[in-house]
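Enquirer: output the structure for:
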Amino acid sequence: MAKEPKTSNKDNPLLRALSRWENEGGRTDADREKRADLAKEEEALILQCLGAAVISRWNNLPTEVQRELFASAASVGEPLPTSDLKEQLARFLHSHKDL
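Expert: Numbering: from 1, shown residues only. Predicted structure coming up:
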C-alpha cells in the first residue's frame, strides 16, 4: 500500500478552509460580528416596541406600577447620572401623558 504524502494545513488553502469550517461551525468572524450586530438591532427594536407599548398605556397603569417602572427605568440608564435621567424620564412622561 502506498502512503499518501502528508500535507499540513498551512500548505493547503482548501484544508485550511475546511478546518476553519469544522472548527467554527462554518462561520467566520465577520459572520459572528454580523449576527451580533443583528441581535443588538433586534434587541433595540424589541425594547423600543415594549417601551412604546408601556408609554401608550401609562395613564391606565396603577400608580404603584408606574413608580416601579419609573424607578427601574432610572436605574437602567448607565451613561447619565440617576438624577439627570429621572428628570428626563419625568419630563418625557409628562409631555406624553395624553397619548
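Enquirer: low-confidence ranges in this structure?
Expert: The chain contains residues with pLDDT under 70 at 1-10, 20-28, 77-80, 99.
Enquirer: quick one, helices of it?
Expert: 13-23, 29-57, 63-76, 82-95 (DSSP state H).
Enquirer: export those helices to CSV and tack on mean neighbour count?
Expert: For every residue, glycine as well, the C-beta is placed using N, CA and C. Below are those laid out as CSV (neighbours: other CB atoms under 10 Å):
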stretch, mean neighbour count
helix 13-23, 11
helix 29-57, 11
helix 63-76, 12
helix 82-95, 13
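Enquirer: tell me the contacts of residue 58?
Expert: 66, 93, 96, 97, 99 (CB atoms under 8 Å, 6 or more residues apart in numbering).
Enquirer: ok, it to residue 87 distance?
Expert: 17 Å (CB to CB, to the nearest Å).
Enquirer: what of residue 61?
Expert: Counting by CB to CB - residue 61 and residue 87 are separated by 21 Å.
Enquirer: now residue 19
Expert: Distance from residue 19 to residue 87, by CB to CB: 56 Å.
Enquirer: please name the nearest non-neighbouring residue to residue 55.
Expert: Excluding the flanking residues, the one nearest residue 55 by CB to CB, 6 or more residues apart in numbering is residue 96, at 5.8 Å.
Enquirer: from residue 42, how far out is the one you found?
Expert: 25 Å.
Enquirer: go on, residue 18?
Expert: 32 Å.
Enquirer: what's the answer for residue 33, then?
Expert: For residue 33, the distance to residue 42 - CB to CB - is 15 Å.
Enquirer: most centrally placed residue in this protein?
Expert: residue 40 (2.9 Å; CA atoms, centre = their mean).
Enquirer: for that residue, list the residues it contacts.
Expert: Contacts of residue 40 by CB under 8 Å, 6+ apart: none found.
Enquirer: distance of it relative to residue 13?
Expert: On the measure of CB to CB, residue 40 and residue 13 end up 33 Å apart.
Enquirer: same question for residue 50.
Expert: 47 Å.
Enquirer: likewise for residue 94?
Expert: 63 Å.
Enquirer: quick one: contacts for residue 97?
Expert: Per CB under 8 Å, 6+ apart, neighbours of residue 97: 58, 59.
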